[in-house]
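J.: Sequence unavailable; structure follows:
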C-alpha cells in the first residue's frame, strides 16, 4: 500500500486524515426513524480508527450533518460540508427528496457521492450524467416488482391496492408493482398517494378500504405506515399488508405496536439484528456498544455496510497509488461481487 502523499494534499486529505461527510435526519420525526443508519456508519468509522489505525495510513474524520429530512436544509448542510469543511467525499446521504436536492451540486463539484441511502431509480439510471454518484440500497422499482410477482404467485385472484409517497420513492415502487403483477391473476384496484409533508393519511386509507382490496402495499416511511395500518384496523379492513423495506427495523414499534404490525410482509437485504449467534451480528453489536451511541438495530447494520464499503474502496484506491477523488471512483467502479470473506463482517444476506 502506498504511503500518503502529504506534500501537496488534495482537498479533504489534510495530513494524516481523510475528511468524509454525510447528511441525514437525526432530529424530529424522521430522525427517530433513520438516525440509526448514520450512527451505525459513525460507529464503524470510530472502530476503524481505534482498532485498525484508520485506512491508507490516515484517520477518518467523519462530519455528519442533520438535515431534518428537508431538501432545503440538505442543500445548506451539504454546501457547508463541501465549501467550509472541505470533505473528500460524501458518504451515505440519506433520503430521496433530501439527497435529490444535492446530488447535482455534488456531481458538478466532482465530489464522490457514495452509497446513497435511498433506492430511487434515478441514482443509477444515467451514470454518464452523474458519474460521481453511486447508490447502495435496492432499487424501489425492483422492490415493487418483487412485491407484484410474489402477490401474483401466492395470492392469485386477489385485488390489490397501494398507498405511496408522492415522490420518487413512492412512484418508483408503484411502477415496479405494476410491472411485477400479472394482470391475468391480480387487478390493481386503486392507488392512493400522499405528500411527504402530509399530517395524516386517513382519508387515503378510507378510499383504499372502499375498494375491498385483499392485499395492500404501503410505499411509505414508518410514521405513515403506522398511520395506514391503524386506520385500516379502525375501519375493520384487514388486507394482507406489504410494507417497504424502509420499515424493516424494530423502530417501527416506536410508532405502533407489534400487534398492529403482526403479519405484515417486508423485505430486508441484511441479516436481522436478533440473530445474535451469527458472528457478523455479534461483532456489529460489539462495535455499536463500544463505539456507537444508539442501540444496535437493523438500520445500524445498513450504516456499517456503508462504512465497510468505504473502507474497502479507499484501500483499493491506495493500493493503486496516491489517493485522490478520481482514484477513489476508479476503485469503486472496479468493485464486483463484493462480499466480506471474514464471517464477522458478512452482514448482508448471501
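T.: On my side now, so go ahead. From a predicted model like this one, the values you see are computed outputs, not experimental measurements.
J.: alpha carbons only for contacts and neighbour counts from here, please
T.: Will do.
J.: count of residues packed around residue 51?
T.: Neighbour count of residue 51, defined by other Cα atoms under 10 Å: 8.
J.: per-residue confidence for it?
T.: With respect to pLDDT, residue 51 scores 98.
J.: Are we agreed that it is in a strand?
T.: No - counting by DSSP: H, G, I helix; E, B strand; the rest coil, one finds residue 51 to be helix, located in no strand.
J.: ok, now which ones touch the spatially closest residue to residue 348 that is not a sequence neighbour?
T.: Nearest residue to residue 348, sequence neighbours excluded (Cα to Cα, 6 or more residues apart in numbering): residue 270, at 4.1 Å. By Cα atoms under 8 Å, 6 or more residues apart in numbering, the contact set of residue 270 is 298, 301, 302, 347, 348, 349.
J.: Looks to me like residue 23 is in a helix.
T.: No - when classified by three-state DSSP, residue 23 is found to be strand rather than part of a helix.
J.: Bridged to the spatially most central residue of the chain, which residues?
T.: Geometric centre of the chain, nearest residue: residue 117, 3.2 Å, by Cα atoms, centre = their mean. Beta-bridge partners of residue 117, counted by DSSP bridges, are residue 94.
J.: Look up how far residue 147 lies from it.
T.: Counting by Cα to Cα, to the nearest Å, the gap between residue 117 and residue 147 amounts to 21 Å.
J.: do residue 190 as well
T.: Look at residue 190 and residue 147: by Cα to Cα, they are 16 Å apart.
J.: which of those two has more neighbours?
T.: Taking neighbours as other Cα under 10 Å, residue 190 and residue 147 compare with residue 147 leading, 25 against 18.
J.: In this structure that one contacts residue 178, no?
T.: No - under the criterion of Cα atoms under 8 Å, residue 147 is not in contact with residue 178, lying 9.7 Å apart.
J.: quick revisit: ranking the contacts of residue 270 by neighbours, who comes first?
T.: Going by other Cα under 10 Å, residue 301 tops the contacts of residue 270 with 28 neighbours.
J.: Show me where the stretch 51-200 of the chain has its helices.
T.: Along the stretch 51-200 of the chain, counting by DSSP state H, counting those that start in this stretch, helices occupy 71-79, 96-100, 103-109, 122-125, 140-154, 168-180.
J.: For the first one, buried residues please.
T.: Just to be clear, that refers to helix 71-79. Neighbour counts using 16 or more other Cα atoms under 10 Å place 71, 73, 74, 75, 77, 78, 79 of helix 71-79 among the buried residues.
J.: cool, and the last one?
T.: Within helix 168-180, the residues that count as buried by 16+ other Cα under 10 Å are 168, 169, 170, 171, 172, 173, 174, 176, 177, 178, 179, 180.
J.: nearest to residue 310, of these?
T.: Nearest to residue 310 among the buried residues of helix 168-180: residue 169, at 24.7 Å, using Cα to Cα.
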